[in-house]
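1. for reference, the sequence and a predicted model appear below.
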Amino acid sequence: MSQGNELFNYIETAGDSSRRTRWVLLVMITTCILIFAAFLNSRKANWINARVEVPQKAYNDFDELFARISSADYKKKKLGDLETLEDRAAAFINHYKIKSKTEAEYWLKGYINSKQNYIQIIRVPFIFFTFDVNDLGFISGVSLVFILLFLRFCLWRELTNIKAVFEKAKKDEKCKDQWYTIMSMKQVLTIPPNDIKKEKLWGILLKVIFFIPLIIHSIVAYNDYITKEIAYILSRSNINFLNTANIIFISVILILTISCISISIEIDVVWRNENPKKTAKQKETSSKPIEPAALEKSSQPEKP
């Protein structure tokens, strides 16, 4: 096998490791989005709770509210002026043309069923897995820990492969710049040094991606902690276990995040050190002859 073909195989292998890293990052970001969406629905001040609260009020006080919407004072109000729950419940009856308490009950039951079936029970897409919303913190922690662990292994392998390619390329000085260019063309999330200074900012922003799991799980864990009094109604032991597990998960996620960032920075350092322009400049500096005047001055003994 020729030197060029062998080096090409090295480059393809390094490119595969970079693709694996990108796929793991894509899975990580998708998982974080799904976790955050589930968290938004699990909050006390979410949309589904508001959808239940307003029809509940409309059902409980239907006769009074139905009479209010026909009054002159109510007709003068705009939708932006509905501050109280009573005003919103009256607007709900008026907007959906509800004519009886039976209709109000129908709307209320529909929203309650939606809350029970789609909010309190979370359905995970793709794998058809369901779990209680109170277990979101535990499922989130386990998922993010394993994803970050796998990401750390992929980054480490990418670093090792890139070093191997550049070590191999040093034996082919004539085509070294060409191999560097080919390698850089296969990168997406790693930004090799170039003449575009603005790209340095994007390289820094890419490191922020590694913090997303830590931020997302910290939000979920904080929500579990501040709503523990409500969870005590169902099970005190479960919520205590969940809060303890959240502390452990945050610690492990923090350690893995720091490890991933450090490896990513080391990959950037390798690219920067192997930049052809930098190595050419170093060779030019080292091969530059020393001027006789400077050599004579350096050879003179220092005066006491």
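-> That came through, no problem.
2. quick one: which helix or strand includes the closest residue to L159 other than its chain neighbours?
-> Excluding its sequence neighbours, the residue lying closest to L159 (Cβ to Cβ, 6 or more residues apart in numbering) is I267, at 5.1 Å. Bear in mind the C-beta positions are built from the backbone N, C-alpha and C, glycine included. Following DSSP states H and E, one finds I267 within helix 236-273.
3. any low-confidence regions in the protein?
-> The chain contains residues with pLDDT under 70 at 1-8, 71-82, 125-128, 171-179, 185-186, 188-203, 276-304.
4. ok, which stretches of it are helices?
-> Taking DSSP state H as the criterion, the chain carries its helices at 3-42, 47-60, 62-68, 72-76, 85-95, 101-114, 136-169, 176-185, 199-208, 212-226, 228-231, 236-273, 276-287, 292-299.
5. in JSON lines: the ones you listed, plus mean neighbour count and distance to F129.
-> Compiled in JSON lines, the helices of the chain are given as follows (neighbours: other Cβ atoms under 10 Å; distance: least, Cβ to Cβ, whole Å):
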{"stretch": "helix 3-42", "mean neighbour count": "16", "distance to F129": "11"}
{"stretch": "helix 47-60", "mean neighbour count": "18", "distance to F129": "21"}
{"stretch": "helix 62-68", "mean neighbour count": "16", "distance to F129": "40"}
{"stretch": "helix 72-76", "mean neighbour count": "9", "distance to F129": "48"}
{"stretch": "helix 85-95", "mean neighbour count": "19", "distance to F129": "35"}
{"stretch": "helix 101-114", "mean neighbour count": "15", "distance to F129": "20"}
{"stretch": "helix 136-169", "mean neighbour count": "19", "distance to F129": "9"}
{"stretch": "helix 176-185", "mean neighbour count": "16", "distance to F129": "39"}
{"stretch": "helix 199-208", "mean neighbour count": "12", "distance to F129": "30"}
{"stretch": "helix 212-226", "mean neighbour count": "19", "distance to F129": "18"}
{"stretch": "helix 228-231", "mean neighbour count": "12", "distance to F129": "22"}
{"stretch": "helix 236-273", "mean neighbour count": "16", "distance to F129": "18"}
{"stretch": "helix 276-287", "mean neighbour count": "11", "distance to F129": "50"}
{"stretch": "helix 292-299", "mean neighbour count": "8", "distance to F129": "73"}
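6. relative to V124, which of those is closest?
-> helix 3-42 (7.4 Å; Cβ to Cβ).
7. same for that closest one, what does it pack against?
-> Packing partners of helix 3-42 (3 or more Cβ pairs under 8 Å, 6 or more residues apart in numbering; DSSP states H and E): helix 136-169, helix 176-185, helix 212-226.
8. identify whichever of those lies nearest to L65.
-> Of all the helices and strands packed on helix 3-42, the one in closest proximity to L65, counting by Cβ to Cβ, is helix 212-226 (33.0 Å).
9. tell me how far the nearest residue in space to I263 that is not next to it in sequence lies from F146.
-> Excluding the flanking residues, the one nearest I263 by Cβ to Cβ, 6+ apart is L155, at 4.3 Å. Taking Cβ to Cβ, to the nearest Å as the measure, L155 falls 15 Å from F146.
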